[in-house]
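Engineer: Quick one, fold the following:
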Amino acid sequence: MDDALIANYNSVVKPEDVVIHVGDFTLAPKEIAKRYIARLTGKHVFIRGSHDRWMENDYTYLREFKINGQGIVACHYAMRVWPKSHYGTWQVFAHSHGRLKPEGKQWDVGVDNNNFFPVSFDQLIEIMKGLPDNFNLVRNRVKDNLGDES
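Structural biologist: Here you go, the predicted structure:
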């Protein structure tokens, strides 16, 4: 199965792509995890999951990103609310292995919820179009003096 997952991944991820791994990358020890990573194309950002004992202590459980102006919160665990969810940020998670219904603009990006392939940003845009707004969305957003919504 490891070889099939790596083949699926490498069939869609280009060397210049940045991939955000949202936890539970592997249960294997660090030496084996490094071998898996070496076989994967792209640049990697890792978020700690509940089984990622191979990671150093400085890996975080939550990261905030902006991709093409869209705020995204990546956390291994699904959240009911997340940073700036009231301003339309999206949340991606993985812990539930496809068994948890998303709330608002969030999606389980784990491979077992996505035909055993990574989810591209373009795919995520299409997925989010079909999901309801976050329940706490503030319709009249105020921008701070840096141009960011707060």
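Engineer: Is residue 3 located within a helix, as I assumed?
Structural biologist: Yes - under DSSP: H, G, I helix; E, B strand; the rest coil, residue 3 sits within a helix.
Engineer: Residue 51 and residue 18, how far apart?
Structural biologist: 23 Å (Cβ to Cβ, to the nearest Å). (Each C-beta comes from the backbone N, C-alpha and C, glycine too.)
Engineer: can you give me the helices for this structure?
Structural biologist: With helices called from DSSP state H, the chain shows them at 2-12, 30-39, 121-129.
Engineer: For residue 73, find the nearest of the ones you listed.
Structural biologist: Minimum separation from residue 73 across the helices of the chain (Cβ to Cβ) falls at helix 121-129, 12.6 Å.
Engineer: from the chain's centre, how far out does that closest one sit?
Structural biologist: Centroid separation between helix 121-129 and its chain, computed with Cα atoms, centre = their mean, to the nearest Å, is 12 Å.
Engineer: contacts for that helix?
Structural biologist: Here helix 121-129 makes contact (Cβ atoms under 8 Å, 6 or more residues apart in numbering) with 67, 68, 70, 90, 92, 105, 107, 109, 119.
Engineer: Are any of these buried, and if so which?
Structural biologist: Taking 16 or more other Cβ atoms under 10 Å as the criterion, what is buried in those is 90, 92, 105, 107, 109, 119.
Engineer: farthest pair in the residues you listed?
Structural biologist: The most distant members of the buried ones among the contacts of helix 121-129, if one measures by Cβ to Cβ, are 105 and 119, lying 13.9 Å apart.
Engineer: so what's the residue nearest to residue 85 when sequence neighbours are not counted up against?
Structural biologist: Distances taken as Cβ to Cβ, 6 or more residues apart in numbering place residue 134 nearest to residue 85, at 4.7 Å, with adjacent residues excluded. Residues near residue 134 by Cβ under 8 Å, 6+ apart: 81, 85, 86, 88, 89, 103, 104, 105.
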